[in-house]
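Peer 1: Build the 3D model from these lines:
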Amino acid sequence: MSRPGERLIMAFDFGSRRIGVAVGNELLGSASELAPLPCRDGIPDWERVARLIDEWQPALFVVGLPLHMDGSESEMSLRARKFARRLNGRFGRPFEMFDERGSTREAKRIAHEEGHAGNYRQHGVDGIAAELILSQYLSHLEHN
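Peer 2: Down below sits the predicted model:
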C-alpha cells in the first residue's frame, strides 16, 4: 500500500440510479472521472465495482456526503454512509466521507458549458460530480 501523500484515491458520488466514480493521485493532485456505475435503488453491481478496484488498486475511498445546505444530514447521507461501509467491508480499504454540497450543481454547470442538453436523468453528471468531490478532497488535504 502506498503512503499518505502518494496514494491513488477512488471517489464516489452516491446516487440511487447511478454512482459517479473518479480516480485521483494525491501526489499530483489530479482527479479524472470514470464511467458511472448503474445501480438499482443505490445498489451497484458489486462485481463491476470489484473489477474497477482490481484495475485501479486505490488505497482509499472517498465518498461524497450529501448534506443539506445547513449542514444537517439527509436520508441520502445515511445511504451514502452505508455504501461507504459496504465498500470498506467488501474491499478492506479505508474510506472517508467528504462534504459534497454544491457538487451536483457545479457538475451541471460544467456539463452545460460543454454542451449538455439538460436531460440529466438520461445523461447524468455523476462522473463529473465524483471528479469535483475528489478534486475538493485533494485540495482540502493540500491545505491542511
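Peer 1: residue boundaries of the helices in the protein?
Peer 2: 46-56, 75-91, 103-113, 126-142 (DSSP state H).
Peer 1: among these, which gets the worst mean confidence?
Peer 2: Of all the helices of the chain, the minimum mean pLDDT falls on helix 103-113 (a mean of 66).
Peer 1: Just the mean pLDDT for stretch 18-30, thanks.
Peer 2: Mean predicted confidence for stretch 18-30 is 89.
Peer 1: With just CA atoms, put it into CSV.
Peer 2: What follows is stretch 18-30, C-alpha atoms only, in CSV (Å, rounded to 0.1, in the frame of the first residue of the first chain):
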residue,chain,number,x,y,z
ARG,A,18,-26.1,5.9,-10.8
ILE,A,19,-22.9,6.2,-8.7
GLY,A,20,-20.3,8.6,-10.1
VAL,A,21,-16.7,7.4,-9.9
ALA,A,22,-13.4,9.3,-10.2
VAL,A,23,-9.8,8.4,-9.5
GLY,A,24,-7.0,10.7,-8.5
ASN,A,25,-3.5,10.8,-7.3
GLU,A,26,-2.6,12.6,-4.1
LEU,A,27,1.0,13.4,-5.2
LEU,A,28,-0.2,15.0,-8.5
GLY,A,29,-3.4,16.4,-7.0
SER,A,30,-5.2,15.2,-10.1
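Peer 1: List the buried residues of it.
Peer 2: Arg18, Ile19, Gly20, Val21, Ala22, Val23, Gly24, Glu26 (16 or more other Cβ atoms under 10 Å). From N, CA and C alone the C-beta is placed, and that goes for glycine too.
Peer 1: So which of those residues belong to strands?
Peer 2: Counting by DSSP state E, the part of the buried residues of stretch 18-30 found in strands is Arg18, Ile19, Gly20, Val21, Ala22, Val23, Gly24.
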